[in-house]
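A.B. asks: compute the structure for the input listed below.
(chains A and B)
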Amino acid sequence: MYAAEPTAGSPGGEPVELADCPELFQIRGHLQTLLALKLIRPRDERFFLILQQALARSPKFFRHAPVVLDAGAVAGQPPLNLAEFARRLRQQHLVPVGLQNGDEAWSQMAVNAGLALLPAGRPTKLASDEPTPSPSDDPPPRRNATVVVSEPVRAGQQIYAEDGDLIALAPVSPGAEVAADGHVHIYSRLRGRAHAGVKGDPDARIFCHKLEAQLVSVAGVWLVNEDIDARFLGKRVQIYSSDGAIVVEPLP
Amino acid sequence: MATIIVVTSGKGGVGKTTTAAAFGTGLALEGKKTVVVDFDVGLRNLDLIMGCERRVVFDLIDVINGDAKLNQALIKDKRVDGLQVLATSQTRDKDALTREGVEQVLEELRKEFDYIICDSPAGIEHGAQTALYFADEAIVVTNPEVSSIRDSDRMVGILASKSRRAEREEDPVRSHVLITRYDIERVKRGEMLKVEDVIEMLALPLLGVIPESQSVLQASNVGAPVVLDQESKAGQAYRDAVARYLGQHLEYRFVAAERSSFIGFGFFNRLWRRSA
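C.D. replies: Sure, this is the predicted structure:
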């Protein structure tokens, strides 16, 4: 009753070529740091229980972390059912992405489980390497990686100072967003959004010369413009978190 | 070496095509060889505003596709020497605008002209991004009201990050604000933003302030860029903008006496500085 559907992606049904399309994507080389989970005695019945305890020492760090399974120590042994193994890892909120150092049998099992086969990586220090486990839920230590922005931050732009502070020397427009794991300093007008302590540091603060923000947040607790005490709008303020609530105070 | 100027805004209906036509014509009136190029594929308007819609045989897309040579598509303006128009297609869609194709056309145009004015479509998607990609300078057309300012601000951010100059880390695209549809009475009543408010929010040099004017509609109806209308205030303001662009220091006429009464001429003068 109906005419045949044209091939996907073209109005007239002709095949669509890469050269005809405006840029839909870019393929680029990319460097990443991943956790490696080296399998030593993966068949031990206590494996997942002990793993859960290890992850619980730094839950925020491990949550949704991509993980490479390292089969270097178990090569020669019959491979695990990696599909099932990966499922159990995901239950603990790890994201297995690949296998390294596996022999042929392990590699085949990995491919069947939808894991990538990765070349052996280099050991490297991670942002949250802790030589001794600590029982408390510490956020990753802040490095002094301060980002200084001297041009106005325009609507639609987002600037994130990871592991450090952000300093803006020019206005932040409405519709712009500045964020830092540490403090946010704006030596100008803040009209957009500002987020301090993005990874959870409750001691992070926002400082600005003229508060006209649409929204501010410290360690995830936010305050919208409507709820900012009118006395502070347009003024030089600091904003911090106290007992889980946001406090706005004039700068001395 | 030609200068490529993109006329853009983000927001629709603020006066990009009117400005591209008027500014381009104004440059040609000052003796500069100028071509105005329409990048609004599918919704083309530039040829109407320039008054050459009945002479369009080939367009930008035909040239990109190799179906016509550039000199077959270029249309000479009948009124002003040194001014030409490159219209765009009404029937194709914007996917026909490829970056490589546009680059080749601009390279050819550079050899012939002093100024290439790119009339951008509204929005921030493919058409607008293609229009701004090769620009050396930008005129960001803004109405003195909040949503236009927000969109212009967004566009300035895009110029600073998605132009070829930004990608190659060359000198950035020189952006200027042109305020259009400025209505003195509404500003005085507080209904419309003042010039200084606009500039404070956009933090860019002010190329000009074009007053709201009936003559703009009349101009587009007859297909004669408003700058040719000697009596029109908008036309005069566009000529001032061109003169300012070319280096003259001119007062901003047709603007409500905002601060100039106590800060004086100096305030607006500081808004317009040519860098060395």
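
A.B. asks: can you list the residues of chain B near chain A?
C.D. replies: B:95, B:97-99, B:126, B:150-151, B:153-154, B:156-158, B:160-161, B:201, B:203 (Cβ under 8 Å from any Cβ of the partner chain). Heads up, the C-betas are built off the backbone N, CA and C, glycines and all.

A.B. asks: pLDDT weak spots in the stretch 51-200 of chain A?
C.D. replies: A:124-144 (pLDDT under 70).

A.B. asks: quick one: the helices in it?
C.D. replies: Along the stretch 51-200 of chain A, counting by DSSP state H, counting those that start in this stretch, helices occupy A:59-62, A:82-91, A:104-112.

A.B. asks: related to what we said a few turns ago, which one in the residues of chain B next to chain A is the model shakiest on?
C.D. replies: Least confident entry in the residues of chain B next to chain A, by pLDDT: B:Asp95, with 80.

A.B. asks: ok, that one touching B:Gly127?
C.D. replies: No: if you go by Cβ atoms under 8 Å, B:Asp95 and B:Gly127 don't touch, sitting 9.7 Å apart.

A.B. asks: so how far is stretch A:189-205 off the chain centroid?
C.D. replies: 16 Å (Cα atoms, centre = their mean, to the nearest Å).

A.B. asks: stretch B:101-108 now?
C.D. replies: On Cα atoms, centre = their mean, the centre of stretch B:101-108 falls 19 Å from the chain's centre.

A.B. asks: kindly report the same for stretch A:73-90.
C.D. replies: Worked out by Cα atoms, centre = their mean, stretch A:73-90 lies 27 Å from the chain centre.

A.B. asks: residue of the stretch 151-276 of chain B closest to chain A, please.
C.D. replies: Using Cβ to the nearest Cβ, B:Gly157 is the residue of the stretch 151-276 of chain B that sits closest to chain A, at 3.0 Å.

A.B. asks: from what I see, that residue and A:Gln158 are in contact.
C.D. replies: No: using Cβ under 8 Å, B:Gly157 makes no contact with A:Gln158, being 10.2 Å away.

A.B. asks: which residues in the stretch 1-150 of chain A form strands?
C.D. replies: A:35-38, A:65-70, A:94-100, A:116-117, A:147-149 (DSSP state E, counting those that start in this stretch).

A.B. asks: what's in contact with the third one?
C.D. replies: With Cβ atoms under 8 Å, 6 or more residues apart in numbering or on different chains as the contact definition, strand A:94-100 has outside contacts at A:34-37, A:55, A:62, A:64-72, A:82, A:85-86, A:89-90, A:106-107, A:110, A:115-121.

A.B. asks: show me which residues of that strand are buried.
C.D. replies: By neighbour count on 16 or more other Cβ atoms under 10 Å in any protein chain shown, the buried set for strand A:94-100 is A:Leu94, A:Pro96, A:Val97, A:Gly98, A:Leu99, A:Gln100.

A.B. asks: and of those, the nearest to B:Val173?
C.D. replies: The nearest member of those to B:Val173, counting by Cβ to Cβ, is A:Val97 at 39.7 Å.

A.B. asks: which elements pack onto the longest strand anywhere in chain B?
C.D. replies: In chain B, taking DSSP state E as the definition, the longest strand is strand B:174-182. With contacts defined as 3 or more Cβ pairs under 8 Å, 6 or more residues apart in numbering or on different chains; DSSP states H and E, the packing partners of strand B:174-182 are helix B:16-29, strand B:137-142, helix B:146-162, helix B:195-202, strand B:206-211.

A.B. asks: and the angle from that strand to helix B:146-162?
C.D. replies: Here strand B:174-182 runs at an angle of 160 degrees relative to helix B:146-162 (axes from the mean of the first three to the mean of the last three Cα atoms, to 10 degrees).

A.B. asks: what strands flank strand B:174-182, and is each parallel or antiparallel?
C.D. replies: If you go by DSSP bridges, strand B:174-182 pairs up with strand B:137-142 (parallel), strand B:206-211 (parallel).

A.B. asks: for it, give the mean pLDDT please.
C.D. replies: Taken as a whole, strand B:174-182 has a mean pLDDT of 96.

A.B. asks: stretch B:35-45 too?
C.D. replies: The average pLDDT for stretch B:35-45 rounds to 92.

A.B. asks: please compute how far that stretch lies from its chain's middle.
C.D. replies: That offset, for stretch B:35-45, works out to 12 Å (Cα atoms, centre = their mean).

A.B. asks: identify each buried residue in that stretch, please.
C.D. replies: B:Val35, B:Val36, B:Val37, B:Asp38, B:Phe39, B:Asp40, B:Val41, B:Gly42, B:Arg44, B:Asn45.

A.B. asks: if we can go back for a sec, what's the closest of the strands paired with strand B:174-182 to B:Leu106?
C.D. replies: Of these, the one closest to B:Leu106 (Cβ to Cβ) turns out to be strand B:137-142, at 13.8 Å.

A.B. asks: what angle sits between the closest one and helix B:16-29?
C.D. replies: Going by the same axes, to 10 degrees, strand B:137-142 makes 140 degrees with helix B:16-29.

A.B. asks: I would like the residues contacting strand B:137-142, please.
C.D. replies: Counting by Cβ under 8 Å, 6+ apart, residues outside strand B:137-142 touching it are B:3-9, B:11, B:14-16, B:19, B:23, B:132, B:148-149, B:152, B:155-156, B:159, B:173-180, B:198, B:202, B:204, B:207.

A.B. asks: quick one, which of these are buried?
C.D. replies: Among these, those scoring as buried are B:3-9, B:11, B:14-16, B:19, B:23, B:132, B:148-149, B:152, B:155-156, B:159, B:173-180, B:198, B:202, B:204, B:207 (criterion: 16+ other Cβ under 10 Å).

A.B. asks: which one is whichever residue of the stretch 151-252 of chain A sits closest to chain B nearest to, not counting chain neighbours?
C.D. replies: Nearest residue of the stretch 151-252 of chain A to chain B: A:Arg154, at 3.0 Å (Cβ to the nearest Cβ). Nearest residue to A:Arg154, sequence neighbours excluded (Cβ to Cβ, 6 or more residues apart in numbering or on different chains): B:Gly157, at 3.0 Å.

A.B. asks: could you pull up phi and psi at B:Val216?
C.D. replies: Dihedral angles of B:Val216 (phi, psi; degrees, to the nearest 10) stand at phi -70, psi -40.

A.B. asks: who has more neighbours out of B:Asp95 and B:Gly127?
C.D. replies: B:Gly127 (22 against 12; other Cβ atoms under 10 Å in any protein chain shown).

A.B. asks: distance between the ends of stretch B:73-80?
C.D. replies: From its first residue to its last, stretch B:73-80 covers 18 Å (Cα to Cα, to the nearest Å).

A.B. asks: what does it contact?
C.D. replies: If you take Cβ under 8 Å, 6+ apart as the criterion, stretch B:73-80 is touched by B:25, B:28-29, B:35, B:47, B:50-52, B:55-60, B:62-63, B:83-87, B:224, B:228.

A.B. asks: which ones among those are found in helices?
C.D. replies: In helices, defined here by DSSP state H, the members of the contacts of stretch B:73-80 are B:Thr25, B:Ala28, B:Leu29, B:Asp47, B:Met50, B:Leu60, B:Asp62, B:Val63.

A.B. asks: burial count for the last one?
C.D. replies: What it means is B:Val63. There are 23 residues near B:Val63, going by other Cβ under 10 Å.

A.B. asks: so who does it touch?
C.D. replies: B:Lys69, B:Leu70, B:Ala73, B:Leu86, B:Gly101, B:Val105.

A.B. asks: report the contact partners of the residue nearest to A:Arg154.
C.D. replies: Applying Cβ under 8 Å, 6+ apart as the definition, the contact partners of B:Gly157 turn out to be A:Val153, A:Arg154, A:Ala155, A:Gly156, A:Gln157, A:Ala176.
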